[in-house]
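Engineer: make a model of this:
(chains A and B)
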There are 2 protein chains.
Amino acid sequence: MSVRAFLAAKAAKTEQALDAYFATLHDVPDTLREAMRYSLFAGGKRLRPALALGAAEIVCGKDTAAMPAACAIEMIHTYSLIHDDLPSMDDDALRRGKPTSHVVYGEAIAILAGDALLTMAFDVAARANDPRVLGEIARAAGAEGMVGGQVIDLQSEDKRLSLEQLRHLHACKTGALIRVSVRAGAILGGATESQLDALTHYGQHIGLAFQIADDILDITSTEEVLGKPIGSDIASQKSTYPALVGMDESRRLANEAVSSALDALKSFGAEADTFRALARYIVERDS
Amino acid sequence: MSVRAFLAAKAAKTEQALDAYFATLHDVPDTLREAMRYSLFAGGKRLRPALALGAAEIVCGKDTAAMPAACAIEMIHTYSLIHDDLPSMDDDALRRGKPTSHVVYGEAIAILAGDALLTMAFDVAARANDPRVLGEIARAAGAEGMVGGQVIDLQSEDKRLSLEQLRHLHACKTGALIRVSVRAGAILGGATESQLDALTHYGQHIGLAFQIADDILDITSTEEVLGKPIGSDIASQKSTYPALVGMDESRRLANEAVSSALDALKSFGAEADTFRALARYIVERDS
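Structural biologist: A predicted model of the protein is given here:
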């Protein structure tokens, strides 16, 4: 299966499941439900759910067990985008080609829609009946992971970071959630410890590759393709890989991360081919 | 044991446990850790943890099993206060006699400290190893519960609500979390279905009593005792019980709710005496 077909299939399945979870919500104020769905169904790539579902499939041939974690992580990812875009944070008006939540619903509802998605994520995650996985997701998303990374990011504006600091920032801000997507899927699929180790390394390296590629795209892509203004990192004086080490070295680092991700999969056979193709796709995509 | 001694004992235990959970967090940006702790250790009454711990004690004689839920719910309560106080929400500068989070740390860090506490709550709750309880806490805190209630509250400003609407608002905004505190403690303590039913009714009625008493205190207390400006509900033109039905009828409704709470406990013996006293205390307290 091509990577695009894999991502499209997993995205369709995930969206169906997300819709089903929403159908179990009763008695939610209309505006809140609408704001939650507006951001959750805004045409994201569903990379994290695909990683969770794909990891389960690699270890047990089926993705069903990973669905609660896949949906929970996508909800957490979505809430983080809503809060990151707020005026007091990155102050972004456009995301995936659409006005951001606070532009449409106002700041208060945007904050609350994020809060509600984050909270709902754990109700959904709990349905996997695995407190270990739920705890891992919470830690990856929390003060030691994604939220911590966003704090470092805010505190790094107008500062020139070292490559080490930039790597740490991204390991927290985006890496932790990508890594736990793979881990949650693997654990729920019944991975052995050595399978889990291998997939964890894979998740770690593609997380890094993903972020470097994102930094590059912010410079080389177009607003139409990316769905948000180009050069916004430069405008907000954020430290990025291209700014720190130049475009060529950034491309080299991204490819190096992809190689390490492929290495991590060497104990798997053909069942991991889609993950291999996905690792390459992450640095070759145009949006 | 007197209610004050009971609350003080449970608060001390809860704070020790919260502190221990924080000690397990590594590699958190200093500002974030400080902001999370600033609001979490701001001298709250710890009513919700006391309810969770007390409910477990009633059904099994020990409160240990309920501690993860007690701490998780207090973290959720605290995050909700941080976000409610934000400029785009209630815009409050003072809480429990101290400047609110966004006044001290700025809006971005306040939002993120709230996000981190909410996320950490579920890591902590997961340690109770009971996905049912975790799911119940998430639903009580989320779009159908507390967050939904906050949305209704925002949309009700400058509007005169009916008594039915006001009751619904509070059932979501504050009632759901108080109710689930009792339920979580009871379930984790191993309650039978009939014990759980009885304690659920108790939780529901004291939640209502608590809110009516809060509305009354906003008028009758002093800023020194309450730790926040008096008359803020009137200033922001919020619908309150006294505004809707007058002070005497509000007191009657509060007492009625306490009676219903006591009724709910009639199948219990002396083991529920502290909960009986607590129900009375809720409408007699001065802050």
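Engineer: which phi and psi does residue A:106 have?
Structural biologist: Per-residue torsions, residue A:106: phi 90, psi 160 (degrees, to the nearest 10).
Engineer: what sits against it?
Structural biologist: By CB atoms under 8 Å, 6 or more residues apart in numbering or on different chains, the contact list for residue A:106 reads residue B:88. Quick note: C-beta positions are derived from backbone N, CA and C, even for glycine.
Engineer: recalculate using a threshold of 10 Å.
Structural biologist: By CB atoms under 10 Å, 6 or more residues apart in numbering or on different chains, residue A:106 lies in contact with A:31, A:35, A:112, B:88, B:154.
Engineer: which strand or helix spans the residue nearest to residue A:189 when sequence neighbours are not counted?
Structural biologist: The shortest distance from residue A:189 to any residue other than its chain neighbours is 3.2 Å, reached at residue A:56 (CB to CB, 6 or more residues apart in numbering or on different chains). Assigned by DSSP states H and E, residue A:56 belongs to helix A:47-60.
Engineer: which helices and strands sit right next to that helix?
Structural biologist: helix A:3-23, helix A:67-84, helix A:176-188, helix A:193-220, helix A:273-284 (3 or more CB pairs under 10 Å, 6 or more residues apart in numbering or on different chains; DSSP states H and E).
Engineer: ok and the residue in the stretch 151-287 of chain A nearest chain B?
Structural biologist: residue A:151 (4.5 Å; CB to the nearest CB).
Engineer: run a quick neighbour tally on that residue.
Structural biologist: Residue A:151: 27 surrounding residues under other CB atoms under 10 Å in any protein chain shown.
Engineer: which elements pack onto whichever helix or strand it is part of?
Structural biologist: Assessed by DSSP H and E, residue A:151 sits inside helix A:146-156. If you count contacts as 3+ CB pairs under 10 Å, 6+ apart, helix A:146-156 packs onto helix A:67-84, helix A:131-141, helix A:163-170, helix A:176-188, helix B:30-40, helix B:107-126.
Engineer: now the fourth one: how far from the chain's centre is it?
Structural biologist: Think helix A:176-188. 11 Å (CA atoms, centre = their mean, to the nearest Å).
Engineer: elements contacting that helix?
Structural biologist: helix A:47-60, helix A:67-84, helix A:131-141, helix A:146-156, helix A:193-220.
Engineer: same thing but at 7 Å, please
Structural biologist: helix A:47-60, helix A:67-84, helix A:131-141, helix A:193-220 (3 or more CB pairs under 7 Å, 6 or more residues apart in numbering or on different chains; DSSP states H and E).
Engineer: can you list the residues of the stretch 151-287 of chain A near chain B?
Structural biologist: For the stretch 151-287 of chain A, the residues in contact with chain B (CB under 7 Å from any CB of the partner chain) are A:151-152, A:154.
Engineer: can you rerun that using 8 Å?
Structural biologist: A:151-152, A:154-155 (CB under 8 Å from any CB of the partner chain).
Engineer: the helix holding residue A:151 to helix A:163-170, inter-axis angle?
Structural biologist: Angle of helix A:146-156 versus helix A:163-170, following axes from the mean of the first three to the mean of the last three CA atoms, to 10 degrees, is 140 degrees.
Engineer: may I have helix A:146-156 as CSV, with CA atoms only?
Structural biologist: The C-alpha trace of helix A:146-156 is given here as CSV (Å, rounded to 0.1, in the frame of the first residue of the first chain):
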residue,chain,number,x,y,z
MET,A,146,4.1,18.7,25.1
VAL,A,147,3.0,21.4,27.5
GLY,A,148,6.6,21.7,28.9
GLY,A,149,7.8,22.0,25.3
GLN,A,150,5.3,24.8,24.6
VAL,A,151,6.6,26.7,27.7
ILE,A,152,10.2,26.3,26.5
ASP,A,153,9.1,27.5,23.1
LEU,A,154,7.5,30.6,24.5
GLN,A,155,10.6,31.3,26.6
SER,A,156,12.9,30.8,23.6
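Engineer: list the contacts of it.
Structural biologist: Under CB under 8 Å, 6+ apart, the answer for helix A:146-156 is A:76, A:80, A:83-84, A:89, A:140-142, A:165, A:168-174, A:176-177, A:238-239, B:27-29, B:31-32, B:108-109, B:112, B:115-116, B:119.
Engineer: okay, now residue A:158: neighbour count?
Structural biologist: 9.
Engineer: mean pLDDT for the helices and strands packed on helix A:47-60 - can I get that in CSV?
Structural biologist: Output for the helices and strands packed on helix A:47-60, formatted as CSV (pLDDT from 0 to 100):
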stretch, mean pLDDT
helix A:3-23, 97
helix A:67-84, 98
helix A:176-188, 98
helix A:193-220, 95
helix A:273-284, 95
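Engineer: what's the closest of those to residue B:49?
Structural biologist: Nearest of those to residue B:49, taken as CB to CB: helix A:67-84 at 25.6 Å.
Engineer: next structured bit after the closest one?
Structural biologist: That would be, after helix A:67-84 and using DSSP H and E, strand A:94-95.
Engineer: list the neighbouring strands of that following strand plus their orientation.
Structural biologist: strand A:98-99 (antiparallel) (DSSP bridges).
Engineer: what's the average pLDDT for the partner strand?
Structural biologist: Regarding strand A:98-99, the rounded mean pLDDT is 96.
Engineer: avg pLDDT for the helix holding residue A:56?
Structural biologist: On average, helix A:47-60 scores 98.
Engineer: quick one: which of the residues of the stretch 151-287 of chain A next to chain B has the most company?
Structural biologist: Counting by other CB under 10 Å, top hit in those: residue A:151 with 27 neighbours.
Engineer: OK, contacts around residue A:138?
Structural biologist: For residue A:138, the contacting residues are A:122, B:119-120, B:122-123, B:126, by CB under 8 Å, 6+ apart.
Engineer: would you reformat those residues as CSV and include distance to residue B:201, pLDDT and neighbour count?
Structural biologist: Shown next, in CSV, are the contacts of residue A:138 (distance: CB to CB, whole Å; pLDDT from 0 to 100; neighbours: other CB atoms under 10 Å in any protein chain shown):
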residue, distance to residue B:201, pLDDT, neighbour count
A:122, 26, 98, 30
B:119, 31, 98, 29
B:120, 31, 98, 30
B:122, 27, 98, 31
B:123, 31, 98, 27
B:126, 28, 97, 27
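Engineer: adding distance to residue A:8, write those residues out as JSON lines.
Structural biologist: Converted to JSON lines, these look like this (distance: CB to CB, whole Å):
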{"residue": "A:122", "distance to residue A:8": "28"}
{"residue": "B:119", "distance to residue A:8": "30"}
{"residue": "B:120", "distance to residue A:8": "35"}
{"residue": "B:122", "distance to residue A:8": "31"}
{"residue": "B:123", "distance to residue A:8": "33"}
{"residue": "B:126", "distance to residue A:8": "33"}
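Engineer: this completes my enquiry, with thanks.
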